[in-house]
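Asks: take a look and give me a structure for this.
(chains A and B)
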Amino acid sequence: MRSHPVIELTNLSKMFGYGDATTIALDNISLRINKGEFVAVMGPSGSGKTTLMNILGLLDTSTHGDYLLSGQNVGNVSSRKRAKIRRTKIGFVFQSFNLLGRMNVLDNVSLPLMYGGKSKLARLHAASRLLKTFGLQEREYYMPYQLSGGQLQRVAIARALVNRPSIILADEPTGNLDTKSSEIIMHELREIHKRGNTIIMVTHNPTLTVYADRVIHMLDGRIDSDSSERKVRRRNSKRSLGGAVEAKK
Amino acid sequence: MMWLSDIRIAVASLKATRVRTFLTIFGIIIGVASVTLVLALGEGAKHSIKSQVALAGGDVATVRPGKLSRDQQGDVTGYDILANFNASTLTENDIQVVSTTPGVAAATPVMGLRGSVSGGKHTIEDTQIVATNSALPQVLSQRVKTGEFVNPDINRNTVVLGDTIANLLLDSDQTTGQQVTIRGATYTVIGVLAHSDTPLALNGLFDSNMAAYVSLDAGKAMNQGLAQIQTINFRAKDGSDLEAVKRAVTARLRAEHKADDFAVISSREALSVTEGIFNLITKYTAGVAAISLLVGGIGVMNIMLVAVTERTREIGIRKAVGATNGQILRQFLTEAIIMSLVGGLAGVGLAGLGAFAITFLFALPFTPIVTWGIFGAAISVSLFVGVLFGIFPAIRAARKDPIVALRQLQ
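Replies: As a prediction, this is how the structure comes out:
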């Protein structure tokens, strides 16, 4: 069964610097991610995975190529539009949690909704409901410094979900956590995935790839291997190759 | 609606760095308070002068030595006050000339001296002594409370005291008949003036309640026989046109002097000159005070720049969850504006207290007033300062690259 591509990168490149100092962070990448996939992105430092995440999250723009998010070309839109798309379609989970220390849990989770102009009551209500599903309702009015690492990351995940995003981008979500908490977080992400969310996770830890149903390895700004390729080849042997993912060059 | 959340977040951020916020606001308070206080003092002085004119009525004018500059419309543009009081060009004869001019109800000279005055209770050094004629109460709206006013027909060594100085010098209520010593000579008190609330600005800003009034002859005796008449005041007859009377007086005096070495100014005209002077003084002083406000504003900008740098990661997070550049800018600008407005309000309050304190401590002859106009100006200026000095840090914040910002603590 073929689902809609929520992310489509076509010949995407990102370059930094000028002249002799030019770095090619992403080299002509084409990638398609379908709705509901849980993709793990791995690779050594400098492979371009962080740059890829930044571009997927609209925090950065590509030098060449197209980026379609849910069918909408978001590659060259204005900064204001990008902010709006981030607000409505993208959820971030960071390695260092990145919660606002001066606001309580409820305010932190409702932050994306605030920039969307929702009324205060509606925001807090939505945030509260979500925290309930995470079992964190009792900690609603706690301040971040009162929570453990695992709890903080769960709050961050709740924040990423509050605006019902199209994609969730997780950058080493267990990087700052002990083994026990890491497990809890990964289970949480799995649950979210089961509910139909699309997750793209960058990780150094090969043991975490079991949670994903697709693993992409990057090297030197290119996609070195893509575990879905085998599946694609199998599938497309019955049809034509038009528009299929071309990951390896 | 967005403004309310902006304000809520801004207040929360400001409260989180309480000491810093307070110190920054304090800078604004000082600036606004000094400017407001200066303006209030100026306003109070002008108000006081205006009320004197009201009290004197529109019928009183003054002849002064020295030249007056008038523009083409005849409006007074400038007058050299102080330079000319020392060597007066007005003579005793002039008093007669003025008082006999048609339309003049009465004329009174003012010759000012200073000296020590002693009574039963007390001695006051450097008292204002006014040598004049019997028409002073009538022309300058003073009332005699006890006894009678200076009269050249009575013995030369008689004096009339102002209300306040009488209380200070004499130790009984029976004031008339008592003896005082003025500049070494003995004088008998023949009367006391009623308390008057308005200082007589036209005649050199002396406080009429603290003056001792003697006859012109007595004044001459104190001054080596010379009559140094500083002003001749006159009141126009009821119903007559003051301008016409002024012109008549001017013409007659010109004929007498054969020179234009005097000036005839009505209370209103003198007011405009004095008002002009006060305005100038107020403006310059306020300008200097405004420098402190400028410093306060720079303080705001400085602290906001520090805040932006400190909160770089926060900016990154906010942008990552979807804040636009404009929203970040508004957030930081709101913080600056809140600090400035709070400082402005508190500054006006402090100026009000300061005005009260100054009046109390220095016994000014007028009360500084913080009018609604001054209040409005102070608040507007605070708002302006907030925007002006807050915009640059706010733009800095808005332009932060979220990727760089988030990398900070990674």
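Asks: residue A:91 is in what secondary structure piece?
Replies: Residue A:91 is part of strand A:90-93 when elements are defined by DSSP states H and E.
Asks: hmm, who's touching the host helix or strand of residue A:24?
Replies: Assigned by DSSP H and E, residue A:24 falls within strand A:23-34. Strand A:23-34 is contacted from outside by A:2-17, A:39, A:48, A:51-52, A:55, A:62, A:64-65, A:167, A:198, A:200, A:216, A:220-223, A:245-247, A:249, using CB atoms under 8 Å, 6 or more residues apart in numbering or on different chains. In short, each C-beta sits where N, CA and C put it, glycine included.
Asks: ranges for the strands of chain A?
Replies: A:5-16, A:23-34, A:38-42, A:64-69, A:72-73, A:90-93, A:167-171, A:198-202, A:214-219, A:222-226 (DSSP state E).
Asks: which parts of chain A sit against chain B?
Replies: Chain A comes close to chain B at residues A:54, A:57, A:59-60, A:79-80, A:83-84, A:86-88, A:92, A:94-96, A:98-100, A:102-103, A:111-112, A:114-117, A:119-120, A:159, A:163, as judged by CB under 8 Å from any CB of the partner chain.
Asks: for the stretch 251-400 of chain B, list the residues in contact with chain A, please.
Replies: B:313-314, B:316-327.
Asks: need the buried ones from these selected in ChimeraX.
Replies: Applied in ChimeraX, the following selects the buried portion of these according to 16 or more other CB atoms under 10 Å in any protein chain shown:
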select /B:313,314,316,317,318,319,320,321,322,323,324,325,327
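Asks: and the residues of the stretch 251-400 of chain B next to chain A, which two are furthest apart?
Replies: The span of those, defined through CB to CB, is set by B:313 and B:326 at 20.1 Å.
Asks: who's in contact with residue B:119?
Replies: Contacts for residue B:119 (CB under 8 Å, 6+ apart) come out as B:168, B:169, B:170, B:171, B:178, B:180, B:181.
Asks: on that earlier part again, drop anything exposed from the residues of chain A next to chain B.
Replies: Neighbour-count burial (16+ other CB under 10 Å) applied to the residues of chain A next to chain B gives A:54, A:57, A:59-60, A:83-84, A:86-88, A:92, A:94-96, A:98-100, A:102-103, A:111-112, A:114-116, A:159, A:163.
Asks: stretch A:128-145: how far from the chain's middle?
Replies: Centroid displacement of stretch A:128-145 relative to its chain, using CA atoms, centre = their mean, to the nearest Å, is 22 Å.
Asks: pick out the residue of chain B closest to chain A.
Replies: residue B:322 (2.5 Å; CB to the nearest CB).
Asks: now that residue, what's its secondary structure?
Replies: Look at residue B:322: counting by DSSP: H, G, I helix; E, B strand; the rest coil, its state is coil.
Asks: residue of chain A nearest chain B, please.
Replies: Counting by CB to the nearest CB, chain A gets nearest chain B through residue A:87, at 2.5 Å.
Asks: strands of chain B, residue ranges please.
Replies: With DSSP E as the criterion, chain B has strands spanning B:60-65, B:68-70, B:76-79, B:104-118, B:123-132, B:144-147, B:158-161, B:179-182, B:185-193, B:211-215, B:231-236, B:262-266.
Asks: if the nearest residue to residue A:68 once chain neighbours are set aside is in a bridge, with which residues?
Replies: Of all residues not flanking residue A:68 in the chain, residue A:8 sits nearest, at 4.1 Å (CB to CB, 6 or more residues apart in numbering or on different chains). Residue A:8 forms beta bridges with residue A:32, residue A:68, as assigned by DSSP bridges.
Asks: picking up where we left off before, just the buried ones among the residues of chain A next to chain B: which are in helices?
Replies: Secondary structure defined by DSSP state H assigns A:54, A:83, A:84, A:86, A:87, A:88, A:111, A:112, A:114, A:159 of those to helices.
Asks: turn those into CSV, columns for distance to residue B:109 and pLDDT.
Replies: Below are those laid out as CSV (distance: CB to CB, whole Å; pLDDT from 0 to 100):
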residue, distance to residue B:109, pLDDT
A:54, 91, 92
A:83, 81, 92
A:84, 84, 92
A:86, 86, 93
A:87, 84, 92
A:88, 88, 92
A:111, 82, 91
A:112, 85, 91
A:114, 79, 85
A:159, 88, 95
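Asks: farthest pair within those residues?
Replies: The most widely separated members of these, counting by CB to CB, are A:54 and A:114 (23.2 Å).
Asks: so what's residue 190 up against?
Replies: Just going to use chain A. Per CB under 8 Å, 6+ apart, neighbours of residue A:190: A:38, A:211.
Asks: correction: the question concerned chain B.
Replies: Residue B:190 sits in contact with B:147, B:148, B:150, B:151, B:154, B:158, B:159, B:160, B:176, where contact means CB under 8 Å, 6+ apart.
Asks: near chain A, from those residues?
Replies: Of the contacts of residue B:190, not one also sits near chain A (CB under 8 Å from any CB).
Asks: and which of those residues is nearest residue A:35?
Replies: residue B:160 (104.4 Å).
Asks: the residue nearest the centre of chain A and residue A:90: what is the separation?
Replies: In chain A, the residue lying closest to the centroid (CA atoms, centre = their mean) is residue A:169, at 1.1 Å. Per CB to CB, to the nearest Å, residue A:169 is found 6 Å from residue A:90.
Asks: and for these two, which residues touch both?
Replies: residue A:57.
Asks: tell me the contacts of residue B:37?
Replies: B:289, B:351, B:354, B:355, B:358, B:368.
Asks: go with 6 Å
Replies: B:351, B:354 (CB atoms under 6 Å, 6 or more residues apart in numbering or on different chains).
Asks: pLDDT wise, what is it at?
Replies: The pLDDT attached to residue B:37 in the predicted structure is 90.
Asks: again, but for residue A:47
Replies: On pLDDT, residue A:47 comes in at 88.
Asks: let me see the contact set for residue B:189.
Replies: Contacts of residue B:189 (CB under 6 Å, 6+ apart): B:159, B:175, B:176, B:178.
Asks: of the contacts of residue B:190, closest to residue A:211?
Replies: Of all the contacts of residue B:190, residue A:211 sits closest to residue B:160, with 106.4 Å by CB to CB.
Asks: kindly list the longest helix within chain B.
Replies: helix B:267-310.
Asks: helices or strands up against that one?
Replies: helix B:18-56, strand B:76-79, helix B:325-362, helix B:372-398 (3 or more CB pairs under 6 Å, 6 or more residues apart in numbering or on different chains; DSSP states H and E).
Asks: compute the inter-axis angle for it and helix B:18-56.
Replies: Helix B:267-310 runs at 170 degrees relative to helix B:18-56, counting by axes from the mean of the first three to the mean of the last three CA atoms, to 10 degrees.
Asks: need the contact list for residue 58.
Replies: I went with chain A, as the question did not name one. Residue A:58 is in contact with A:82, A:85, A:86, counting by CB under 6 Å, 6+ apart.
Asks: could you redo the last one with a cut-off of 7 Å?
Replies: A:74, A:82, A:85, A:86, A:90 (CB atoms under 7 Å, 6 or more residues apart in numbering or on different chains).
Asks: among those residues, name the buried ones.
Replies: The buried subset of these - by 16+ other CB under 10 Å - is A:74, A:82, A:85, A:86, A:90.
Asks: can you tell me what sits against stretch B:290-309?
Replies: Looking at what lies outside stretch B:290-309 - CB under 7 Å, 6+ apart - the contacts are B:20, B:24, B:27-28, B:30-32, B:34-35, B:332, B:335-336, B:339-340, B:343, B:385-386, B:388-390, B:392-393, B:396-397.
Asks: CA atoms only for that stretch, dumped as PDB, please.
Replies: Written as PDB, here are the backbone C-alpha positions of stretch B:290-309 (Å, rounded to 0.1, in the frame of the first residue of the first chain):
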ATOM      1  CA  ALA B 290      17.000  65.700  29.500                       C
ATOM      2  CA  ILE B 291      20.600  64.600  29.300                       C
ATOM      3  CA  SER B 292      20.000  62.500  32.400                       C
ATOM      4  CA  LEU B 293      17.000  61.000  30.600                       C
ATOM      5  CA  LEU B 294      19.200  60.200  27.600                       C
ATOM      6  CA  VAL B 295      21.600  58.400  29.900                       C
ATOM      7  CA  GLY B 296      18.600  56.500  31.300                       C
ATOM      8  CA  GLY B 297      17.600  55.500  27.800                       C
ATOM      9  CA  ILE B 298      21.100  54.300  27.000                       C
ATOM     10  CA  GLY B 299      20.900  52.200  30.100                       C
ATOM     11  CA  VAL B 300      17.800  50.600  28.800                       C
ATOM     12  CA  MET B 301      19.400  49.800  25.500                       C
ATOM     13  CA  ASN B 302      22.500  48.400  27.200                       C
ATOM     14  CA  ILE B 303      20.500  46.100  29.400                       C
ATOM     15  CA  MET B 304      18.400  44.900  26.500                       C
ATOM     16  CA  LEU B 305      21.400  44.100  24.500                       C
ATOM     17  CA  VAL B 306      22.800  42.000  27.300                       C
ATOM     18  CA  ALA B 307      19.400  40.300  27.700                       C
ATOM     19  CA  VAL B 308      19.300  39.500  24.000                       C
ATOM     20  CA  THR B 309      22.700  37.900  24.200                       C
END
